[in-house]
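>>> Quick one, what's the 3D model for this:
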Amino acid sequence: MARKRAGLGRGLNALISTDIRADEELIEEETVDIETGVTTRKRTRRPASIDQGIKYQVESLSTGDDDTPNKQALIVGIDQVEPNPDQPRTHFDEEALSELAESIQKNGLLQPILVRKVGDAYQIIAGERRWQACKKIGLEEVPVTVVVADDTQSIALAMIENIQRSDLNPMEEAFGYRMLMDRQKMTQAQLAEAVSKGRSTIANSLRLLELPEDAQQLLFEGNITAGHARAILSIPTEEGRALLTRKLVENPMSVREAENLARLYTGRKTEAPKRVPTPKSFKKAAKGLRDALGTNVRVKSAGGKNKIEIEFKDEAELQEIFSKIVK
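Below you'll find the predicted structure:
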């Protein structure tokens, strides 16, 4: 009877099937026979972590010659390349795209576009922004790197590239996580390990999918922040969430103001500003002014500023007070 020591977790490589080669690391497994006490060691290779990079089998684009070696970089017609409909990133800043196009026109495309073969076309896995910039300046051909990847692997790679470069807005990231979980039948914990994120980060991101559609659109377009979104989600009812979303459209406000409104819509008390005691010198000055002017006077501090408030009934009393002050 033997017991086997547990191996190491594979992180993101759990998303990628074994027919795609990755950088490998040497794992030593130790088996101990309990009856004889003999220890047997076995060395095996398994995919390394995502931090060390993942190498994929490059698809041969041979035109029938089986001896043609696989190629990592190819030049193909730009019209042969097509975007991935499942690409998690859907919003591209037009100004940034124009700047990239100018850079490519001046320096060329320095990094090939990562694609996979789908029928007669090359579907983008990573690099759609570069492809769009190349089209913008009228390039007819682009360099590509072709890899073998199915639909799920393609989404995983696109997600990883965008997450590592912080290119996704919060809603794109949330939809991407949900798509990976659904297709790979993963739990939040498994996904967190796979993409090297904290479980709370994944949970908070997925919660954005509970926002009203209008709020999701506002966040997607950058018209509200994740802080505003959290304020909306703090309201337990759909009606309350929709109401705060409308308020944000009608009257843009700070996150703190949105949080106070959220408390109001959920029946919770807003944070009352702490009352600062009136200094004795203020009270003494107010009494002296009341006696001298014959009307109610308040000396107080508000918003970091000190001020004197003098009451008067009409214009005649105002003139009388003025005369006493300047006399």
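>>> Backbone dihedrals for residue 325, please?
Residue 325 has phi and psi values of phi -70, psi -40 when expressed as degrees, to the nearest 10.
>>> Tell me who's in contact with the residue nearest to it when sequence neighbours are not counted.
Among residues not flanking residue 325 along the chain, residue 293 sits closest, at 7.4 Å (C-beta to C-beta, 6 or more residues apart in numbering). Every residue, glycine included, has its C-beta placed from N, CA and C. Applying C-beta atoms under 8 Å, 6 or more residues apart in numbering, we find residue 293 in contact with 310, 321, 324, 325.
>>> and the third one, how far is that from residue 308?
I take that to be residue 324. When C-beta to C-beta, to the nearest Å is applied, the distance between residue 324 and residue 308 equals 14 Å.
>>> and what of residue 144?
When C-beta to C-beta is applied, the distance between residue 144 and residue 308 equals 75 Å.
>>> returning to what we had before: per-residue confidence at the residue nearest to residue 325?
Each residue has a pLDDT score; the one for residue 293 is 84.
>>> Give me the subset of the contacts of residue 293 that lies in helices.
The members of those that map onto helices under DSSP state H are 321, 324, 325.
>>> Whichever of those end up buried, select them in PyMOL.
With 16 or more other C-beta atoms under 10 Å as the criterion, this PyMOL line picks the buried residues out of the ones in helices among the contacts of residue 293:
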select buried, resi 321
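>>> Just send the ones in helices among the contacts of residue 293 back as CSV, with pLDDT and distance to residue 80 too.
Rendered in CSV, the data for these read as follows (pLDDT from 0 to 100; distance: C-beta to C-beta, whole Å):
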residue, pLDDT, distance to residue 80
321, 84, 86
324, 84, 90
325, 84, 85
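>>> Go through the ones in helices among the contacts of residue 293 and say which is closest to residue 106.
Distance to residue 106 across the ones in helices among the contacts of residue 293 (C-beta to C-beta) is lowest for residue 325, with 70.8 Å.
>>> I'd like the distance between the closest one and residue 317.
Using C-beta to C-beta, one obtains 13 Å as the distance from residue 325 to residue 317.
>>> tally of neighbours for residue 317?
The local packing of residue 317 (other C-beta atoms under 10 Å) involves 14 other residues.
>>> residue contacts, it?
Applying C-beta under 8 Å, 6+ apart, one finds that residue 317 lies in contact with residue 295.
>>> for it, phi and psi?
Here is the backbone geometry of residue 317 (degrees, to the nearest 10): phi -70, psi -40.
>>> Show me where this protein has its strands.
Remark: strands assigned in the chain by DSSP state E are 2-4, 24-33, 39-47, 74-77, 81-82, 113-118, 121-126, 141-146, 297-302, 305-310.
>>> Now for the closest residue to residue 265 other than its chain neighbours: which residues touch it?
The shortest distance from residue 265 to any non-neighbouring residue, by C-beta to C-beta, 6+ apart, is to residue 240 (4.1 Å). For residue 240, the contacting residues are 262, 265, 266, by C-beta under 8 Å, 6+ apart.
>>> just residue 142 next, same as before
75, 76, 78, 81, 109, 112, 113, 130, 131, 134.
>>> One more pass at 6 Å, please.
Residue 142 makes contacts with 78, 134, as judged by C-beta atoms under 6 Å, 6 or more residues apart in numbering.
>>> Likewise for residue 129?
Counting by C-beta under 6 Å, 6+ apart, residue 129 has contacts residue 92.
>>> picking that back up, now render the contacts of residue 240 as TSV, adding distance to residue 198.
As requested, the contacts of residue 240 are arranged in TSV below (distance: C-beta to C-beta, whole Å):
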residue	distance to residue 198
262	25
265	30
266	27
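>>> Tell me the buried residues in stretch 220-240?
For stretch 220-240, a neighbour-count test (16+ other C-beta under 10 Å) marks 220, 224, 228, 229, 230, 231, 232, 233, 234, 235, 240 as buried.
>>> Roughly how far does residue 176 sit from residue 327?
In this structure, residue 176 and residue 327 are 76 Å apart, going by C-beta to C-beta.
>>> Ignore what I typed, I meant residue 182.
Following C-beta to C-beta, the distance that separates residue 182 from residue 327 is 82 Å.
>>> Okay then, goodbye and thanks.
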